[in-house]
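Novice: sequence and predicted model, in that order:
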Amino acid sequence: MTIQTTLNTHGIKCEGCAAAARTAVEKLPGIETIQFDLPGKTVTVTHDDAVERADVARVLSQAGFPAE
């Protein structure tokens, strides 16, 4: 089953930040797509049901982009 998770990410302010965040999230198994809304300060991740919202938030936070 495919799930879409949207998180607030106040630290992602430019394409460079988005690229770094994308690299971190893509390391999680089960990630399908990652879309950033820089003005809206959100990231939407499409993933399988083995990935938890907390997993995505943790990886983003570890990469320096706190997410909630």
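Specialist: Everything's here; your move.
Novice: so who does residue 54 touch?
Specialist: Contact partners of residue 54, counting by CB atoms under 8 Å, 6 or more residues apart in numbering, are absent. Backbone N, C-alpha and C define where each C-beta goes, glycine included.
Novice: okay, and it sits in which element?
Specialist: helix 53-62 (DSSP states H and E).
Novice: again, but for residue 11
Specialist: Here residue 11 is assigned to no helix or strand, by DSSP H and E.
Novice: tell me the phi and psi of it?
Specialist: Dihedral pair for residue 11: phi -90, psi -10, per degrees, to the nearest 10.
Novice: surely it meets residue 66?
Specialist: Yes - Residue 11 lies in contact with residue 66 (CB atoms under 8 Å); the separation is 5.9 Å.
Novice: all strands for this protein, in order.
Specialist: 2-8, 31-37, 42-48 (DSSP state E).
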